[in-house]
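**Q** The sequence isn't on hand, but the structure is:
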Ligand code: SF4
């Protein structure tokens with residue numbers, strides 16, 4: 001892993017009210033993310049909110065060392081039907097979690113409650129916590145997998161876990177009876193939005209026995225697209241697909257619908 005600036009902090013709250021349609025509360029065990037994916041929208045959103053980070057995204061992480069204790073207190077005031085989403089602004093199972101174990105202690109706390117908990121991660125480290133997930137009443141895990149091709153992964157998210165590890169995570173979760181959603185997010189523009197790539201991805205996805213697939217095109221947020229296109233230009237020779245023949249948004253949606261139906265893959 002490249003140089004990483006780590007800081008331990010004490011948070012005042014760990015559950016934050018959310019206006020997102022899938023959760024009433026969000027929970028992030030860390031601030032910053034060592035995976036530093038090139039297309040991550042979090043640094044762009046931080047900039048928009050006036051949170052100017054001195055270090056580049058992916059080079060710093062703040063560890064909320066008191067998060068489990070704060071959660072214990074906050075859970076007493078949360079209605080049982082409130083849904084909690086873990087992983088909206090960081091990956092809580094990033095490498096530092098191996099040392100700190102904060103996300104695991106958070107799950108242990110949540111296991112006392114019936115609230116729905118939705119997790120999003122791309123880290124096989126979550127395999128460590130399957131025993132806790134099995135004790136939870138209503139939990140689902142979304143595994144982020146923008147590609148099945150490690151050559152593409154290495155270009156756009158070089159510090160994130162390899163594809164084989166994520167597939168292993170999915171298998172282990174499915175085998176443990178935990179509901180898994182495959183997050184095809186983002187669909188990398190100019191790389192994966194092609195007929196062959198779509199069919200290939202969905203054919204492989206259908207073999208994973210996930211409950212459903214959620215897909216989303218790359219955000220066109222300011223700051224992400226120019227960087228994304230530069231990466232494509234720089235690595236064109238290493239990409240397994242040509243930059244031509246990309247699908248329009250509507251074509252992409254109908255292509256995905258067609259192949260999901262053909263391969264028996266449920267979509268949200
Ligand atoms: S793992 Fe998620 S939060 Fe972390 S850099 Fe990648 S997209 Fe951003």
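**A** Thanks, I have the structure now. Everything numeric in this text was worked out from a predicted model, so none of it was measured.

**Q** what residues are up against the residue of the stretch 101-250 of the chain found nearest the ligand?
**A** In the stretch 101-250 of the chain, the residue that lies nearest the ligand is residue 122 (5.6 Å; CB to the nearest ligand atom). (Each C-beta comes from the backbone N, C-alpha and C, glycine too.) Applying CB atoms under 8 Å, 6 or more residues apart in numbering to residue 122 gives the contacts 35, 91, 143-145, 157, 160-161, 166.

**Q** repeat for residue 239
**A** By CB under 8 Å, 6+ apart, the neighbours of residue 239 are 151-152, 155, 191, 232.

**Q** redo that, cut-off 6 Å
**A** With CB atoms under 6 Å, 6 or more residues apart in numbering as the criterion, no residue contacts residue 239.

**Q** Residue 254 versus that one, what's the distance?
**A** Residue 239 sits 24 Å away from residue 254, going by CB to CB, to the nearest Å.

**Q** Same question for residue 170.
**A** On the measure of CB to CB, residue 170 and residue 254 end up 26 Å apart.

**Q** What of residue 24?
**A** 33 Å.

**Q** what does residue 231 give?
**A** For residue 231, the distance to residue 254 - CB to CB - is 27 Å.

**Q** related to what we said a few turns ago, helices - which of the contacts of residue 122 land there?
**A** Using DSSP state H, the subset of these located in helices is residue 166.

**Q** Show the pLDDT at the closest residue to the ligand within the stretch 51-200 of the chain.
**A** When scored by CB to the nearest ligand atom, the stretch 51-200 of the chain has residue 91 as its residue closest to the ligand, at 3.9 Å. Model confidence at residue 91, given as pLDDT, is 98.

**Q** was I right about it contacting residue 121?
**A** Yes. Counting by CB atoms under 6 Å, residue 121 is a contact partner of residue 91 at 5.5 Å.

**Q** More neighbours: the two, which one.
**A** The neighbour comparison of residue 91 against residue 121 (other CB atoms under 10 Å) goes to residue 91, with 28 against 25.

**Q** Quick one: check the top strand by length along the chain for contact with the ligand.
**A** Counting residues, the longest strand in the chain under DSSP state E turns out to be strand 179-187. No. Against the ligand, strand 179-187 shows no contacts by CB under 6 Å from any ligand atom, the least distance being 8.6 Å.

**Q** Report the next helix or strand after that strand in sequence order.
**A** helix 195-206 (DSSP states H and E).

**Q** The residue of the stretch 101-250 of the chain closest to the ligand - nearest residue in space that isn't next to it in sequence?
**A** residue 144 (4.1 Å; CB to CB, 6 or more residues apart in numbering).

**Q** what about that neighbour, how many neighbours?
**A** 22.

**Q** how far away is the nearest residue to residue 82 once chain neighbours are set aside from the ligand?
**A** Distances taken as CB to CB, 6+ apart put residue 24 closest to residue 82, at 4.2 Å, once the chain neighbours are dropped. Distance of residue 24 to the ligand, computed by CB to the nearest ligand atom, to the nearest Å: 21 Å.

**Q** Show the end-to-end separation of stretch 39-55, please.
**A** From its first residue to its last, stretch 39-55 covers 17 Å (CA to CA, to the nearest Å).

**Q** Nice, that's everything, thank you.
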